[in-house]
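*Asks:* Quick check, what structure comes out for this input:
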Amino acid sequence: MSVAKVIELTTSSSTGIEDAVKSGLAKCAESVKNIQGAWVNEIKVVTDENGNIREWRVNLKVTFVVK
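*Replies:* Below you'll find the predicted structure:
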């Protein structure tokens, strides 16, 4: 029998959504083993006073198997 756990984390990037997801998963993998996948739960952008995107933020739900 396998048991999986889901944790939620927020990560950001000035480059884009994909970079935010990749860097968030890489950082998470430093302390969490057996990551099986992730859902992008929410996307947010931070803008400057002219409406230009400064930062992409994503909320991830990361699933891993508990051993």
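*Asks:* Which of the residues in the host helix or strand of L9 are classified as buried?
*Replies:* Per DSSP states H and E, L9 falls inside strand 3-13. Neighbour counts using 16 or more other CB atoms under 10 Å place L9, T11, S12, S13 of strand 3-13 among the buried residues. Any C-beta I mention is one placed from the backbone N, CA and C, and that applies to glycine too.
*Asks:* And the residues you listed, which two are furthest apart?
*Replies:* Greatest spatial distance among the buried residues of strand 3-13 (CB to CB): L9 and S13, at 13.5 Å.
*Asks:* who does the strand holding L9 touch, helix- and strand-wise?
*Replies:* Packing partners of strand 3-13 (3 or more CB pairs under 8 Å, 6 or more residues apart in numbering; DSSP states H and E): helix 17-29, strand 35-47, strand 53-66.
*Asks:* contacting residues for the nearest residue to I53 once chain neighbours are set aside?
*Replies:* Once flanking residues are discounted, I53 sits nearest to V45: 4.9 Å by CB to CB, 6 or more residues apart in numbering. V45 makes contacts with I53, R54, E55, W56, R57, as judged by CB atoms under 8 Å, 6 or more residues apart in numbering.
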